[in-house]
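>>> Requesting a structural model of the entry that follows:
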Amino acid sequence: MPELRTVSRELAIGGFRELDAGTDVTGSPRWNPDIAPTRVAARSWNHWHIAALWVGMAICVPTYTLGGVLTAYFGLSVTEALWTILVANVVILVPLTLNAFPGTKYGIPFPVLLRSSFGIVGSNVPALIRALVACGWFGIQTMFGGIAVHLLLSAVSDSWAGLGGKGEVAGFFIFWAANVWVVIRGSEAIKHLEVLAAPMLLAVGIGLILWAWPQASVSELMAQPASRPEGAPFLKYFFGGLTAMVGFWATLSLNIPDFSRFADSQESQVVGQVIGLPLTMFLFAGLGVLMTAASKQLVGKTVSDPITLIGHMDSPFWVVLAMFVIIMATISTNTAANIVSPTNDFQNVAPRRINRTRGVLLTGLIGILLMAWELLKKLGWLQSDLSVESLYSNWLIGYSSLLGPIAGIMIVDYFVVRRQQLDLAGLYRDDGPYPAWNRAGFIAFLVPVGLTLVAITTGWLGWFYHYGWFTGSLLGGLIYYLASGKR
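Numbering: from 1, shown residues only. Prediction:
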C-alpha cells in the first residue's frame, strides 16, 4: 500500500499547474474531490468543445426575446438593438476570457478562485450571491422547458393536451429531472450534450427562418423607428441597453473557471469563446426579432417566444420535432449556465457535507421554490400579474450592478496583485497564506454596492446604477488594488 504524502506538492506541467495533494489538503474541511483541482490528464476540452458550450448556452428562449426587450424597454430601434447585442457580447468576452485564465492554468472552479480575493471563508459571500441568481435562472429556464415538454406530449396525445396548466406543471418536473440527471453524471456528460445539441440548434434556427421568411419583410422591419421620445439622445438609451445585455452574461463572466478548468490550453478557451459567443448571440437574437415580427402573419397574433409560436403549427410532426430540439436547447443552457455554478458554490460552503450530487439537488430544490408562485398559477391555485418574462427582463440591470464589482476584483487580484501566481494547496487550507476573510475584497465589493443602493433608493447618482456593470467592475477593481497594497 503506497505511503500517504503529508505535504502537498504543486507540479508544473507545461503551462498548467497540478496539485499532488497530501493529507494537509485532503484532510482539510475546505476540500472535497469535486472541487479539487482538475488533473491535467482530465483537461480535455478543445476550442470546439468550448465553442459548442457557448452555442448551447446562447441558443435559448431568453436570447430569442432580447431584441424585443431592447426595443420595448430601452427605446432602441430593431437595427440599434441588434448592434447593441453584438457589441455587448464582444465587450463581455473581456472578463470572460480573463477570468477563465486561472481556471485553465490551475484547474480550479469559481468559488475556490474567490478564496484568493475574498478569503477562505469570505469566498462564500460572492459565491452564494452568484448561486442564488443561477437558481432563479434555473427555475425560469425549467419553466420554459416544461412548457416545451407539455406541447410535445400534447401533439401526440389529446388526453395530455386536455391537462392544460397541470400538464405544464408536470412538464416542469419532467424537465427538472432531466437537467439534474445530466449534471450529476459530471463534466463529460455536459461536454457530450453540448457537442450533440449545437448542430441541432443551428438546424432548427435555419428551419424557423425558412418558415418565416416569406411572411416577413426584413427591410421594413429594420426601418421601423425607435420607440424612445423624438429627439432623445441615442447614447443614453444605447448604454442603458448595453449594460443590460452585458448583464445577460455577467454571471458566466464570474464562474467561467467552472468550465475553463477542463480546457486543454489557454488558446482553446480563448478561441472557443470568441467563436461561440458573439456571433451566436447576434444571430439567434436576430432570429427572435424576425420571428416575432412575422408571427402575426404566421399565426394571427404577435408571439414573442419560440415555444408558443411553434406550438401554433398545424403539423404535429413538426411540433414534436421542434419541441424536442427546444428541449435539448434548454437543457444544454440550463445545465451549463444555471446548475454547474451553484452546485460548486454550495459545495464551497461545506465541502465535507455537500458533494456534487447534493449540490445539484439543493440547486434544483431552490429553483422549484423560486418558481413556486408560477407553478401555483398554472394549477389555478394563485392569482398574480407577475410574468416570467418581466421577471428576467427586470433582472438584467439589477444583478449586473451587483456582480460587476466581483468581476473587477477577480481580474485585478489574479493579474495585478497576484501576478498570475496562486498557492494551489493554500487555497484548500485554513492555515495557508490566504486569510479567512480578505478585507480588501469586501471593501472593494461593498463600496460599489452601497453606491448602487443609494442610486436606487434616492435617485442620486442614477447613472451609477444604469451603467452598473461598467461602473461597478471598474470601481471595484480600482478599490481592490488600492486596498490590497503591495504584497
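
>>> Between the two ends of stretch 431-448, how far is it?
For stretch 431-448, the separation between the terminal residues is 31 Å (Cα to Cα, to the nearest Å).

>>> which residues touch it?
115-122, 125-126, 401, 404-406, 408-409, 413, 423, 425-427, 430, 471-472, 475-477, 479-480, 483-485 (Cβ atoms under 8 Å, 6 or more residues apart in numbering). (Glycine included, C-beta is placed from N, CA and C.)

>>> ChimeraX command for the buried members of those residues?
A single ChimeraX command selects the buried members of those (16 or more other Cβ atoms under 10 Å):
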select :115,116,117,118,119,120,121,122,125,126,401,404,405,406,408,409,413,425,426,427,471,472,475,476,477,479,480,483,484
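
>>> Name the single longest helix found in this protein.
In the chain, assigned by DSSP state H, the helix with the most residues is helix 124-156.

>>> And that one, what's buried?
For helix 124-156, a neighbour-count test (16+ other Cβ under 10 Å) marks 124-131, 133-155 as buried.

>>> lowest average confidence, helix or strand, in this protein?
helix 218-222 (a mean of 68; mean pLDDT, DSSP states H and E).

>>> after that helix, next one along is what?
The C-terminal neighbour of helix 218-222 among helices and strands, as given by DSSP states H and E, is helix 234-248.

>>> and the next helix or strand after that following helix, what does it pack onto?
Downstream of helix 234-248, the next assigned helix or strand under DSSP H and E is helix 250-255. Here helix 250-255 touches helix 93-106, helix 124-156, helix 340-349, helix 388-412, going by 3 or more Cβ pairs under 8 Å, 6 or more residues apart in numbering; DSSP states H and E.

>>> How far away from the center of its chain is helix 250-255?
6 Å (Cα atoms, centre = their mean, to the nearest Å).

>>> Show me what secondary structure element comes after that helix.
helix 257-260.

>>> Which elements pack onto the helix or strand where residue 183 lies?
Using DSSP H and E, the element containing residue 183 is helix 165-185. With contacts taken as 3+ Cβ pairs under 8 Å, 6+ apart, helix 165-185 sits against helix 124-156, helix 187-212, helix 316-333, helix 356-370, helix 372-378.

>>> What residues sit buried inside the last one?
Read it as helix 372-378. Under 16+ other Cβ under 10 Å, the buried positions of helix 372-378 are 374-375, 377-378.

>>> need those residues in TSV with pLDDT, can you?
Conversion of the buried residues of helix 372-378 to TSV gives the following (pLDDT from 0 to 100):
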residue	pLDDT
374	84
375	90
377	88
378	88
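
>>> Just the closest of those residues to residue 452, please.
residue 374 (27.6 Å; Cβ to Cβ).

>>> which residue is nearest the middle of the chain?
The centroid of the chain falls nearest to residue 337 when counting by Cα atoms, centre = their mean (4.0 Å).

>>> Determine the three-state secondary structure at residue 11.
Three-state call for residue 11 (DSSP: H, G, I helix; E, B strand; the rest coil): strand.

>>> give the contact list for it.
By Cβ under 8 Å, 6+ apart, the residues touching residue 11 are 17-20.

>>> Pull out the buried members of those.
Burial by neighbour count, judged by 16+ other Cβ under 10 Å, picks out 17-19 from those.

>>> Of the residues you listed, which belong to strands?
Residues of the buried ones among the contacts of residue 11 located in strands (DSSP state E): 17-19.

>>> For residue 363, see how far away the closest residue to residue 278 other than its chain neighbours is.
Distance criterion Cβ to Cβ, 6 or more residues apart in numbering; nearest residue to residue 278, sequence neighbours excluded, is residue 89 at 4.1 Å. Remark: distance between residue 89 and residue 363 (Cβ to Cβ, to the nearest Å) = 26 Å.

>>> what about the two, which has more around it?
Using other Cβ atoms under 10 Å as the criterion, residue 89 and residue 363 rank with residue 363 on top: 27 against 23.

>>> Give me the nearest residue to the more buried one, chain neighbours excluded.
residue 342 (4.4 Å).

>>> isn't the one you found right up against residue 359?
Yes. When contacts are counted by Cβ atoms under 8 Å, residue 342 is listed as touching residue 359 (7.1 Å).

>>> mean confidence score for the helix holding residue 183?
What helix 165-185 shows for mean pLDDT is 92.

>>> If you compare the directions of it and helix 340-349, what angle comes out?
Relative orientation of helix 165-185 versus helix 340-349 (axes from the mean of the first three to the mean of the last three Cα atoms, to 10 degrees): 60 degrees.

>>> Which of the residues in helix 165-185 are classified as buried?
For helix 165-185, using 16+ other Cβ under 10 Å, the buried residues are 167-172, 174-176, 178-180, 182-183.

>>> Can you give the contact residues for that helix?
With Cβ under 8 Å, 6+ apart, helix 165-185 has contacts from 138, 142-143, 145-150, 153-154, 160-161, 163, 189-190, 193, 327, 330-331, 334-335, 339-340, 343, 356-357, 360-361, 364, 367-368, 371, 375, 377-380.

>>> Mind doing that once more with 7 Å?
Applying Cβ atoms under 7 Å, 6 or more residues apart in numbering, the contact partners of helix 165-185 are 142-143, 145-147, 149-150, 153-154, 160, 163, 189-190, 193, 327, 331, 334-335, 339-340, 343, 356-357, 360-361, 364, 375, 378-380.
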